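1. 3D model of this:
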Amino acid sequence: MAKRDGIFKRFCRNDRGNIAMMFGLGLVPMLTASGVALDYARLSSARTSLQSALDSGVLAVARDPNVLTQAVILERIAPFIQNNSTGSFPTPPVVTVIPSGPNDVDVEVVGCLQLAFSSFVSVVNPCIKARTKVSRPAQTYLEVALVLDNSGSMSGTKIEAARTAATQFVTSLFAGSTNPDQIKVSVVPFTLTVNAGAGMSTTSNPNLDLNGASPVHWENLLPASTLPPSGVTSRFSLFQQLGETWGGCFEMRPGAWGTNDEAPQVGSPSSLFVPMFAPDEPGTRADTSIRRDLLNDNGGGGNYTPTNSYMNDDGSRTLNYTSGRETSATQSACLASPTSTLFNLPFSAPTANWQDSNWRFRSSSNICRYNLTGTPGGTTNRKSIANTGGVSNGAGRGPNYACNAIPLQRMTNNSATVISKINAMRADGNTNILEGFMWGWRTVSPNAPYADGRAYNWNGGQIRNKKIIVVMTDGDNFWNQASNPNLSIYSPFGYYRNNRIGTNITNAVQATAAMNARTLQACTNAKATRNINNDEGIQIYTVGFSTPGAEISPAGLQLLQDCASVENGNRLYYSATNAGELASVFATIANNIGQLKITQ
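-> Now for the predicted structure:
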């Protein structure tokens, strides 16, 4: 018995297995705790994901002010919850629309997870909750003009980047919209000119100068105060005589008319739109240099540079395509009161003013040379201007010289039409932000020549209307100078020597400064229009696509900043240096236009 007691006592005193025993007893709670931690990490991740999915869904719904009923809101949000939230929900999360104000979208979602370990500690399928409330403005109609630089410097990857960014912008803007009146967009590609597009009839449009009444209509074509020959009523007549189709570009309206959107007015010739007609400059067809002499501005020695010589100046009345000759009328057959002392420069015969070297007569004299439909003797002769080196699309010499932008797209609610126009953009020519901006303004204006926009003071009750112009350029205003008496190439402003946008302009630097000043005036005028709430009638966003090695000048960047509107203390000016940044900028503008704000 004593021996047994000793064994029992030794067993009780032996502690060599305590560690294993204690580990075994503690293993279950350790595993449970680790599992619960994993469950709660999963729970936290699911809560974050569910909240993010709900935010995306509510923002998407709130972009469309026509989505107002609870049923439609639930239908629109369900896919976001289903596709974008993570977590093993045994049953679909429950989405509830919380009653709120007419301009708010307030939604709550509850989802219960299937957990692996938490049930051991009496936590069975815990539920997580997310809630998002978005405040949106009253129902808003949008009229947006995309004014996009298509000048030659935009060639290659730049024009591709512009197409991509603008396409994404339009897609985002139209996303979720079900009201065909809600969003309308125009596209205005610009180079040195803007092609006004289809619908600008040349036969009966009262907005056009069909009778040559504007003070700039015959500039560079006839001497001042000289009437055109019988049968010639306007520049459109000259296109018809040449057998050429007008390209669709206009000269800038003179004076203050050039920087406002007021409709053309009967009795105000300066308010009418004058078609561009590029004069045939002196020299044999396609000449790029002619010798100065007595009849050539009294110059002696050296050469002048014709930039648009598309007709031979030999005075011949014989058509001969092989030698390139043309039909030209004589001075006496053209003007009712011919004079031999125009500009006080003598010539020996009526046809002398057609000679190659006679720049001043040729560039600002009579217009009989464009009459290829017949000769003074009555023999009919007609040919296409293409036979003299001119082309219809403005890419070469001819009366449509410099009219090389694709036609603009008037405002439409068809996003596919807008995107198709964007994808058709091509890069060519100089940069004229002023004319791009003005035609963009006209597309959203309530005034002629398009009158597609709602009135600035339009009252839609609870619905408001916003007019927006987005201007994107990769460079400064630029208008090429030239070494000849005109001092420049032909443009919507005529030539430098016409003093249309500034006096005594002799070089491209001065031309850019004058164009900048007029552009800023146009921006100021547009922002001065007022809507029904006395806010800016036109809100302007500007984007400078200033890439390394081809930077926009400081003056050009300042112009874009000064042109842009200010909203909540922030200037609506953006800059981009590459394709990715440009796309991001356009996405930011699209989001900002929606003015949505998560408040809870």
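2. From now on I want contacts and neighbour counts done on CA atoms only, so please keep to that.
-> Will do.
3. residue ranges for the helices of this protein, please.
-> Along the chain, counting by DSSP state H, helices occupy 2-13, 18-62, 70-84, 157-174, 235-242, 331-334, 359-363, 415-423, 433-444, 508-528, 554-563, 579-594.
4. buried set for stretch 132-146?
-> Of all the residues in stretch 132-146, those buried under the rule 16 or more other CA atoms under 10 Å are 132-137, 139-146.
5. pLDDT and distance to residue 569 added to those, as CSV?
-> Listed next are the buried residues of stretch 132-146 as CSV, based on pLDDT from 0 to 100; distance: CA to CA, whole Å:
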residue, pLDDT, distance to residue 569
132, 88, 27
133, 87, 25
134, 81, 22
135, 73, 20
136, 67, 20
137, 62, 19
139, 74, 24
140, 84, 22
141, 90, 24
142, 94, 22
143, 97, 23
144, 98, 22
145, 98, 23
146, 98, 24
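6. of all the residues you listed, which comes closest to residue 164?
-> Distance to residue 164 across the buried residues of stretch 132-146 (CA to CA) is lowest for residue 146, with 13.4 Å.
7. Contact partners for the residue nearest the centre of the chain?
-> By CA atoms, centre = their mean, the mean C-alpha position of the chain lies nearest to residue 147, the distance being 1.9 Å. Residue 147 makes contacts with 187-190, 436-437, 440, 469-472, as judged by CA atoms under 8 Å, 6 or more residues apart in numbering.
8. If we use 6 Å, what do you get?
-> 188, 440, 470-471 (CA atoms under 6 Å, 6 or more residues apart in numbering).
9. Kindly report the same for residue 211.
-> Residue 211 neighbours (CA under 6 Å, 6+ apart): 233-234.
10. quick one: the strands in the stretch 351-500 of the chain?
-> 409-412, 464-473 (DSSP state E, counting those that start in this stretch).
11. And for the stretch 101-250 of the chain?
-> Going by DSSP E, counting those that start in this stretch, the stretch 101-250 of the chain shows strands at 104-112, 127-135, 140-149, 183-190.
12. partners of the longest one, with directions?
-> Translated: strand 140-149. strand 183-190 (parallel), strand 464-473 (parallel) (DSSP bridges).
13. For residue 470, the count of nearby residues, please.
-> 22 (other CA atoms under 10 Å).
14. Quick one, grab the pLDDT at it.
-> Residue 470 is assigned 98 on the pLDDT scale.
15. so what's residue 267 up against?
-> By CA under 6 Å, 6+ apart, residue 267 has no neighbours at all.
16. Oh, that last question was meant for residue 570, not what I typed.
-> Counting by CA under 6 Å, 6+ apart, residue 570 has no contacts.
17. Please report the distance of it from residue 106.
-> As for residue 570, its distance to residue 106 is 28 Å (criterion: CA to CA, to the nearest Å).
18. Would you mind confirming that residue 473 is in contact with residue 149?
-> Yes. Using CA atoms under 6 Å, residue 473 is in contact with residue 149, at 4.8 Å.
19. These two - which one has more neighbours?
-> More crowded of residue 473 and residue 149, by other CA under 10 Å: residue 149, with 31 against 27.
20. can you give me phi and psi for residue 227?
-> phi -80, psi 150 (degrees, to the nearest 10).
21. least trustworthy helix or strand in this protein by mean pLDDT?
-> strand 317-320 (a mean of 31; mean pLDDT, DSSP states H and E).
22. so where's the stretch 401-550 of the chain shaky on pLDDT?
-> Under the criterion pLDDT under 70, no range of the stretch 401-550 of the chain is flagged.
23. Quick check: bridge partners of the residue nearest to the centre of the chain?
-> residue 188, residue 471.
24. what's around residue 102, how many residues?
-> 13.
25. Kindly report the same for residue 71.
-> With other CA under 10 Å as criterion, residue 71 counts 10.
26. Repeat that for the one 10 residues further on.
-> Here the neighbour count serves as a burial measure; for residue 81 (other CA under 10 Å) it reads 24.
27. Report the contact partners of it.
-> residue 53.
28. so what pLDDT did it get?
-> 80.
29. Ok, residue 221 next?
-> Looking at residue 221, the pLDDT reads 86.
30. if I look at it, how far off is residue 237?
-> 13 Å.
31. who's more crowded, the two?
-> Using other CA under 10 Å as the criterion, residue 221 and residue 237 rank with residue 221 on top: 22 against 16.
32. Tell me how far residue 433 lies from residue 54.
-> Distance from residue 433 to residue 54, counting by CA to CA: 42 Å.
33. which of the two has more neighbours?
-> residue 433 (29 against 26).
34. Sketch out the low-pLDDT regions of the stretch 251-400 of the chain for me.
-> Scanning the stretch 251-400 of the chain with the threshold set as pLDDT under 70 gives 283-286, 291-301, 312-366, 368-369, 371-395.
35. Let me fix that, I meant to ask about the stretch 101-250 of the chain.
-> For the stretch 101-250 of the chain, counting by pLDDT under 70, the residues that fall below are 115-125, 136-138, 176, 198.
36. Can you show me the CA trace of stretch 173-180 as PDB?
-> Presented in PDB, the C-alpha positions along stretch 173-180 are these (Å, rounded to 0.1, in the frame of the first residue of the first chain):
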ATOM      1  CA  LEU A 173     -21.900  63.400 -71.100                       C
ATOM      2  CA  PHE A 174     -24.600  61.400 -72.800                       C
ATOM      3  CA  ALA A 175     -24.400  58.400 -70.400                       C
ATOM      4  CA  GLY A 176     -27.700  57.600 -68.700                       C
ATOM      5  CA  SER A 177     -29.600  60.400 -70.400                       C
ATOM      6  CA  THR A 178     -33.100  59.400 -71.600                       C
ATOM      7  CA  ASN A 179     -34.500  62.800 -72.300                       C
ATOM      8  CA  PRO A 180     -33.700  63.800 -76.000                       C
END
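37. ok, residue 272 to residue 489 distance?
-> 23 Å.
38. Just want to know which of the two has more residues nearby.
-> Using other CA under 10 Å, the more surrounded residue of residue 272 and residue 489 is residue 272, with 26 against 21.
39. so that one sits right up against residue 205, yeah?
-> No. Residue 272 lies out of contact with residue 205 (CA under 6 Å); the separation is 10.3 Å.
40. Of all the strands of the stretch 351-500 of the chain, which one comes closest to residue 230?
-> strand 409-412 (36.5 Å).
41. elements contacting the closest one?
-> strand 183-190 (3 or more CA pairs under 6 Å, 6 or more residues apart in numbering; DSSP states H and E).
42. quick one, the strand it packs on and helix 433-444 angle?
-> Comparing the axes of strand 183-190 and helix 433-444 via axes from the mean of the first three to the mean of the last three CA atoms, to 10 degrees yields an angle of 150 degrees.
43. Name the residues of strand 183-190 that are buried.
-> Those would be 183-190, for strand 183-190 by 16+ other CA under 10 Å.
44. Check stretch 410-425 too.
-> Buried residues in stretch 410-425 (16+ other CA under 10 Å): 410-413, 415, 418-419, 421-422, 425.
45. out of those residues, what pair is the most spread apart?
-> Pairwise over those, using CA to CA, the maximum falls at 413 and 425, 19.6 Å.
46. so what's the residue nearest to residue 413 when sequence neighbours are not counted up against?
-> Closest residue in space to residue 413, ignoring its immediate chain neighbours: residue 184 at 4.4 Å, by CA to CA, 6 or more residues apart in numbering. Listed by CA under 6 Å, 6+ apart, the contact set of residue 184 reads 143, 411-413.
47. Return the set of residues that bridge with residue 184.
-> Beta bridges link residue 184 to residue 143, judged by DSSP bridges.
48. Adding distance to residue 453, write the strands paired with strand 140-149 out as TSV.
-> Listed next are the strands paired with strand 140-149 as TSV, based on distance: least, CA to CA, whole Å:
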stretch	distance to residue 453
strand 183-190	9
strand 464-473	8
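49. So for residue 450, which of those strands sits nearest?
-> When the strands paired with strand 140-149 are ranked by proximity to residue 450 (CA to CA), strand 183-190 comes first, at 11.5 Å.
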